[in-house]
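> For reference, the sequence and a predicted model appear below.
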Amino acid sequence: MLLTIDIGNSNTVLGVFRGEELIANWRLTTARAQTVDEYGVLTRNLFSLAGLNQEMITGVMISSVVPPMNWTLAEMSRVYLGKKALFVEPGVKTGMAVLVDNPMEVGADRIVNGVAAFHQFGGPCIVVDFGTAITFDVISAKCEYVGGVIAPGLGISSEALFTRAARLPRVEIKDPGKVIGTNTVTHMQAGLYYGWVDLVDGMLTRIKAELKEEAAVVATGGQARLVARGSKHIQHVEEFLTLTGLRLIWEKNQHPEGHGHHAEPPVAAPQAASKRVPR
């Protein structure tokens, strides 16, 4: 079994694969102050509750955009799982060229998402990831990362309204059903929801115009399904896109003859598209 870990600014997502099947997953708050032992005990408890034996873990694959946590998770893997964790970093095979001014600036999770999206839908494709920030990542027909966009996320925007405006409450981010609200809560919900749907669609319209060719659009992350329902461009929602990408990169970095782990065909082979997001 393979343990995959995606360390984000707000959440850390763990997934366990048996072959290509994701058999367990957990979403945790990213806790920078937790120790190796705390993460070790937490991981052991999660495995126990899911009925999994952590001794069956054959590898650990990690992507991280929070450098202070890298050592902690690497040590947790070594001490509690007896495995050396593989991080998505320079020198790791991804099968994807990164064609930007400084490849080191691109978050590991964005590369991982691109690998998974290309594997599932072919190229060109666009990944929209709804995290602390909303990121747009563009992958070419040749499996090249050609660039992207970063915008503030819904969560931090909502929190900014609450903390910086004395009379505005903290509200649930949802579709209020109409743009013209009749009270403060629906005013804010309309601004957040429709504002971000239009931001996403506007950005995707501009990206497609620059690409000058049709591209599959896949969304992932916390508010992906919510925004996709109102979007004209988002075609697919893949909740575990990053975990799938980590599995693909792990398999690409294993020797076929080594450790009893079988390499998968190159990630460039697109699979059949998933069902369109219901409106």
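Sure thing, it's come through. Numbering: from 1, shown residues only.

> residue nearest the centroid of the chain?
By Cα atoms, centre = their mean, the chain has its centre lying nearest to Thr242, at 4.2 Å.

> Phi, psi for that one please.
Here is the backbone geometry of Thr242 (degrees, to the nearest 10): phi -70, psi -40.

> For it, which non-adjacent residue is spatially closest?
Nearest residue to Thr242 in three dimensions, chain neighbours excluded: Asp6, at 4.6 Å (Cβ to Cβ, 6 or more residues apart in numbering). (Glycine included, C-beta is placed from N, CA and C.)

> sorry, back to before: can you check the pLDDT for the residue nearest to the centre of the chain?
Predicted confidence (pLDDT) for Thr242: 95.

> can I see the domain layout of the protein?
Listed by automatic domain parsing, the domain ranges of the chain are 2-87, 97-241.

> What residues does the residue nearest to Thr242 make contact with?
Thr12, Val13, Leu14, Ile62, Ser63, Ser64, Asp109, Val112, Thr242, Leu243, Leu246 (Cβ atoms under 8 Å, 6 or more residues apart in numbering).

> Under the pLDDT cut-off, which ranges of this protein? List them.
Residues of the chain meeting the criterion pLDDT under 70: 255-279.

> Quickly note the distance from Val65 to Asn11.
11 Å (Cβ to Cβ, to the nearest Å).

> Which parts of the chain are strands?
For the chain, the strands defined by DSSP state E cover 2-7, 11-18, 21-29, 59-64, 86-87, 97-98, 125-130, 133-139, 144-152, 216-221, 236-237.

> Make JSON lines out of those and add distance to Asp175.
What follows is the strands of the chain, written out as JSON lines (distance: least, Cβ to Cβ, whole Å):
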{"stretch": "strand 2-7", "distance to Asp175": "27"}
{"stretch": "strand 11-18", "distance to Asp175": "23"}
{"stretch": "strand 21-29", "distance to Asp175": "22"}
{"stretch": "strand 59-64", "distance to Asp175": "31"}
{"stretch": "strand 86-87", "distance to Asp175": "38"}
{"stretch": "strand 97-98", "distance to Asp175": "36"}
{"stretch": "strand 125-130", "distance to Asp175": "15"}
{"stretch": "strand 133-139", "distance to Asp175": "17"}
{"stretch": "strand 144-152", "distance to Asp175": "19"}
{"stretch": "strand 216-221", "distance to Asp175": "15"}
{"stretch": "strand 236-237", "distance to Asp175": "15"}
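
> so which of the ones you listed comes closest to Gly51?
With Cβ to Cβ as the measure, strand 21-29 is the member of these nearest Gly51 (8.7 Å).

> so how far is that closest one from its chain's centroid?
Relative to its chain's centre, strand 21-29 lies at 13 Å (Cα atoms, centre = their mean, to the nearest Å).

> picking up where we left off before, present the domains of the chain as JSON lines; the columns should include distance to Lys252.
Shown next, in JSON lines, are these (distance: least, Cβ to Cβ, whole Å):
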{"stretch": "domain 2-87", "distance to Lys252": "10"}
{"stretch": "domain 97-241", "distance to Lys252": "8"}
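
> closest one to Asn253 among those domains?
With Cβ to Cβ, the closest approach to Asn253 among the domains of the chain belongs to domain 2-87: 6.4 Å.

> and the residue nearest to the centre of the chain, what does it touch?
Applying Cβ under 8 Å, 6+ apart to Thr242 gives the contacts Asp6, Val13, Ser63, Asp109, Val112, Asn113, Ala116, Asp129, Thr220.

> repeat that for 7 Å
With Cβ atoms under 7 Å, 6 or more residues apart in numbering as the criterion, the residues that contact Thr242 are Asp6, Val13, Ser63, Asp109, Val112, Asn113, Thr220.

> do Lys232 as well
Going by Cβ under 7 Å, 6+ apart, Lys232 touches Asp201.

> For Val127, which residues count as its bridge partners?
As for beta bridges, Val127 partners with Asp137, Val218 under DSSP bridges.

> what separates it from Arg206, distance-wise?
To Arg206, Val127 is 16 Å away according to Cβ to Cβ.

> cool, Gly59 as well?
According to Cβ to Cβ, Gly59 and Arg206 sit 40 Å apart.

> which of the two has more neighbours?
Between Gly59 and Arg206, counted using other Cβ atoms under 10 Å, Gly59 has the larger neighbour count: 22 against 12.
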